[in-house]
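**Student:** how would this look folded up:
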Amino acid sequence: MATTFEKIDGNDAIFSSAEYIHDSLLFNYIESARTTDNFDLYSNHKDSIILLPHTGSRVWIWTSSAIKTDTARLIEICRLLKNSGIKKPEIYLKHEVSDNFSDLYAIASSEYGYVVKDELSLAAFVYEGGEKEEIHDGETIVHIDKNNPEHVRLVTEFYTACRDEFHWYDNFESKVKSYLDMQLYAYIKDGKMHANAVIGGHTDDYIRIKSIAVLADERKKGIGYQMCCYIVNRILACDKKPVLYTHEKNAAAMALFKKTGFKMHDKIYLIKTDDPN
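**Tutor:** Sure, this is the predicted structure:
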């Protein structure tokens, strides 16, 4: 019989297990949640941890290998998700576990109304090199200040240009505001943002690079590489290691991060679902 999930805090003993410490390299979200009030953590105090943001639909699931074939615990996971009122969860799983999670999809669909819409793999990278050479060629990389009207204009114009590519058709203003609230560094030339890099998710050892974005007509000019080198150096200066995740099928991003000095350590599986209700 599965142990009922209970809400825990970031000091729970389960975080000290060797298996979790290894996975904290990948599940940077869970580690950062331990020092913020923006997430809820649940556990059965044995094998599984669920990370539930208060807003949005993203759910991170960390499990030990023992849960792979334990259908009763999978039912508990589905029950927790449904009782938490998450309408369209995006479920992230460690790749070696996800291959054995067909029961989760079946249970979620038949018992709780979730229908799997999409599945994809994310590559988890860790930076393994030293400080990178930076070449600015007269352009300026600035740390965006959300209280600076000129910076707000630059960010808004950049994401307006990327709106169709990112499929940002709903809540555009709130999405732009969320980026202004992040640690965002912008590549500025001739009064226009050509690229940016966003970091966040700090832990004791790692800082996550959340994204590196370049305007479509500015790609293949080395700007993405320059931004990547710049942000790597900023993270190294904090005595941390850069980590990041990218879609495994994104060949350009995979090539960029490998060129910069990142090594792929693992994969994460993302399951997008829909709720017909």
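**Student:** where exactly do the strands run in the protein?
**Tutor:** 6-8, 39-43, 48-53, 58-63, 90-94, 115-127, 140-143, 183-189, 192-200, 206-214, 241-247, 262-274 (DSSP state E).
**Student:** In this structure Met227 contacts Tyr185, no?
**Tutor:** Yes - counting by Cβ atoms under 8 Å, Met227 touches Tyr185, with 7.3 Å between them. Bear in mind the C-beta positions are built from the backbone N, C-alpha and C, glycine included.
**Student:** mind putting the strands of the chain in JSON lines, mean pLDDT, mean neighbour count and distance to Asn233 included?
**Tutor:** As requested, the strands of the chain are exported to JSON lines (pLDDT from 0 to 100; neighbours: other Cβ atoms under 10 Å; distance: least, Cβ to Cβ, whole Å):
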{"stretch": "strand 6-8", "mean pLDDT": "81", "mean neighbour count": "13", "distance to Asn233": "37"}
{"stretch": "strand 39-43", "mean pLDDT": "78", "mean neighbour count": "18", "distance to Asn233": "29"}
{"stretch": "strand 48-53", "mean pLDDT": "66", "mean neighbour count": "21", "distance to Asn233": "30"}
{"stretch": "strand 58-63", "mean pLDDT": "70", "mean neighbour count": "22", "distance to Asn233": "28"}
{"stretch": "strand 90-94", "mean pLDDT": "73", "mean neighbour count": "21", "distance to Asn233": "29"}
{"stretch": "strand 115-127", "mean pLDDT": "80", "mean neighbour count": "17", "distance to Asn233": "10"}
{"stretch": "strand 140-143", "mean pLDDT": "92", "mean neighbour count": "13", "distance to Asn233": "11"}
{"stretch": "strand 183-189", "mean pLDDT": "94", "mean neighbour count": "20", "distance to Asn233": "11"}
{"stretch": "strand 192-200", "mean pLDDT": "93", "mean neighbour count": "21", "distance to Asn233": "11"}
{"stretch": "strand 206-214", "mean pLDDT": "91", "mean neighbour count": "22", "distance to Asn233": "12"}
{"stretch": "strand 241-247", "mean pLDDT": "89", "mean neighbour count": "21", "distance to Asn233": "10"}
{"stretch": "strand 262-274", "mean pLDDT": "80", "mean neighbour count": "18", "distance to Asn233": "14"}
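**Student:** Which one of the ones you listed lies nearest to Glu76?
**Tutor:** For the strands of the chain, proximity to Glu76 was assessed by Cβ to Cβ; strand 48-53 is nearest, at 8.0 Å.
**Student:** Contacts for stretch 128-139, please.
**Tutor:** Residues outside stretch 128-139 that contact it (Cβ atoms under 8 Å, 6 or more residues apart in numbering) are 187-189, 194, 226, 228-230, 232-233, 236, 260-263.
**Student:** so which of the residues you listed comes closest to Ser211?
**Tutor:** Cys228 (11.0 Å).
**Student:** ok, now which ones touch Thr246?
**Tutor:** By Cβ under 8 Å, 6+ apart, the contact list for Thr246 reads Leu122, Ala123, Phe125, Ala253, Met254, Phe257.
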